[in-house]
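>>> model this:
(chains A and B)
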Amino acid sequence: MFEYESPRARFENEAMPHLKDLYRTAARVVGDSARAEDVLQETYLQAWKSFERFEPGTNCRAWLYKILFHCISHQRRKFLRFPLVNMSQETNQFVEASIPYQAPVPESLTDQEILAALDRIPADFRSVVLLTDVEEFAYKQVAEILAIPLGTVMSRLSRGRKLLRGHLANVAKEYGIHGRS
Amino acid sequence: MDDLELQHRLRGAVHGVPVPPGLQLKIGRRLRRPPAPWAQAVAAALVVAMAGAVAYQDGYLRLTPSSQASYIASLTHEVNVTMRGPLGDHVHCAVFREYPTQIPTLAQLAAGLGSFRKLVQAVDGRGPAGYQIVMAHECGFEGRAFTHIVFKSGARLLSLTITRQTTPAPAHIQEASVQEATAQRFQLAETSAGHYRICVISDLPEPENRATLIRMAPSIRNILNNT
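Take a look at the predicted model:
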């Protein structure tokens, strides 16, 4: 027998399970948990308002991420004018130039150290690394979510990964961490 | 640590970040919250303002003489010169007017028409279904004198105006010729009767407005010819 499901119930069933992943991505990109909460609330409001345009059976998670990055970009430009967590461009260029392609990264690094290194890479690169390596989206989906060309996704991912390795290697060196790399 | 291991560690580190307790509840509540009262008030004000603007453009809410005059001027430019007087007179005398709750008797109405008093009796019952005469008077608009009878049905109005013309139309044209025009929501139908022009103005559809004129014209011609 056909069971009617209200739009709100359908929205909650489809969209709410992705809330934690979205929050963690938002927190890493904007660098602040309160701002991440604000962005997430806005994302869900926007998603609910445009839910009638969402095609059932398509990728709800990718759709929500697209809205999330749109909200981050919108809030950053129009309202909050908050800077995304970044090191200076010069520092990143210096790190990028000074690291070999496969900088050795010891296994004994803690999660906090890994996150700190992630936060030090430029936001544009970080977003691509998060979507590709953490959330496991395909390159094409990342391009759609961030509204950038596929080639840009690949170059940002390559440079983002390289910078991450470089920062992790530097952290390990600073704290005298050694081990199998 | 190779790339795959690094990705694995990175995924674990990001997914290990705690999510604030109650976040899902907070977002759920936000989604269920009705729009802010101020937003509803702004939306309501916008609707009222837009409705007011449309009503004003349509000639309603013209409360001052100058705004009424500007509305009549904008209307009358949409019709030819001979119809401007009747249209202006209809809007000036019939539309922008408050009617008494007690409708005058036919005798009282006829008393306002002087030598054309028989017109009231002649056109009574010849208006569209449901319309009855509520006013009959002699008036002037922009220097032209009119005999003016107003029919009303609810909020809808119909005017019959009769005015002198300088050159009488030939008899064979008088009977056949009906000129029509439309100005916004108003429909006009006009014909000649010797030295007079007879015009019906209403917000009825064009055929109904014309039919009213054709229904009234013979008895009006009869009176005009014998006056």
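>>> list the contacts for whichever residue of chain A sits closest to chain B?
When scored by CB to the nearest CB, chain A has A:Asp111 as its residue closest to chain B, at 3.8 Å. (Each C-beta comes from the backbone N, C-alpha and C, glycine too.) A:Asp111 makes contact with B:Arg9, B:Gly12, B:Ala13, B:Gly16, according to CB atoms under 8 Å, 6 or more residues apart in numbering or on different chains.
>>> And these, which two are furthest apart?
Taking CB to CB as the measure, the contacts of A:Asp111 span a maximum distance of 10.3 Å, between B:Arg9 and B:Gly16.
>>> And these two? Which one has more around it.
Using other CB atoms under 10 Å in any protein chain shown as the criterion, B:Arg9 and B:Gly16 rank with B:Arg9 on top: 18 against 12.
>>> just checking, the more buried one touches A:Leu115?
No: using CB atoms under 8 Å, B:Arg9 makes no contact with A:Leu115, being 10.3 Å away.
>>> Find the helix or strand that the residue nearest to B:Arg32 when sequence neighbours are not counted is a member of.
Once flanking residues are discounted, B:Arg32 sits nearest to A:Arg8: 7.9 Å by CB to CB, 6 or more residues apart in numbering or on different chains. Following DSSP states H and E, one finds A:Arg8 within helix A:7-15.
>>> what residue ranges in chain A score low on pLDDT?
By pLDDT under 70, the weakly predicted segments of chain A are A:1-4, A:78-104, A:175-181.
>>> Apply 80 and report the result again.
For chain A, the stretches with pLDDT under 80 are A:1-6, A:57, A:75-108, A:171-181.
>>> now do the same end-to-end measure for stretch A:119-138.
This stretch, stretch A:119-138, spans 22 Å end to end (CA to CA, to the nearest Å).
>>> and that stretch, how far from the chain's centre?
Mean-position distance between stretch A:119-138 and its chain equals 5 Å (CA atoms, centre = their mean, to the nearest Å).
>>> Sort out which residues of the helix holding A:Arg8 are buried, please.
Across helix A:7-15, burial judged by 16 or more other CB atoms under 10 Å in any protein chain shown covers A:Phe11, A:Glu12, A:Glu14, A:Ala15.
>>> Just put the residues you listed in a markdown table and tack on distance to chain B.
Below are the buried residues of helix A:7-15 laid out as a markdown table (distance: CB to the nearest CB, whole Å):
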| residue | distance to chain B |
| --- | --- |
| A:Phe11 | 8 |
| A:Glu12 | 7 |
| A:Glu14 | 13 |
| A:Ala15 | 10 |
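>>> any chance of those in TSV, with distance to B:Leu61 too?
Converted to TSV, the buried residues of helix A:7-15 look like this (distance: CB to CB, whole Å):
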residue	distance to B:Leu61
A:Phe11	43
A:Glu12	46
A:Glu14	48
A:Ala15	46
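>>> Please identify which two of those are farthest apart in space.
Spatially, the most separated pair among the buried residues of helix A:7-15 is A:Glu12 and A:Glu14, at 7.6 Å (CB to CB).
>>> Just the helices from the chain, written as ranges.
Chain wasn't specified; assuming chain A. In chain A, the helices defined using DSSP state H lie at A:7-15, A:19-30, A:33-49, A:60-74, A:89-98, A:111-119, A:123-129, A:139-146, A:150-174.
>>> could you do chain B instead?
B:3-15, B:23-32, B:37-57, B:65-76, B:81-89, B:106-111, B:118-123, B:171-176, B:206-226.
>>> Just name the most buried of the ones you listed.
Across the helices of chain B, the average number of neighbours (mean count of other CB atoms under 10 Å in any protein chain shown) peaks for helix B:81-89, which reaches a mean of 21.
>>> Can you show me the CA trace of it as CSV?
C-alpha atoms of helix B:81-89 as CSV (Å, rounded to 0.1, in the frame of the first residue of the first chain):
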residue,chain,number,x,y,z
VAL,B,81,-12.5,63.7,-28.5
THR,B,82,-16.3,63.2,-28.6
MET,B,83,-16.2,60.5,-25.9
ARG,B,84,-14.0,62.3,-23.5
GLY,B,85,-16.8,64.4,-22.0
PRO,B,86,-19.2,61.5,-21.3
LEU,B,87,-16.3,59.3,-19.9
GLY,B,88,-15.1,62.2,-17.7
ASP,B,89,-18.6,63.0,-16.6
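>>> Off-centre distance for that helix?
Between the mean C-alpha location of helix B:81-89 and the chain-wide mean there is a distance of 16 Å, by CA atoms, centre = their mean.
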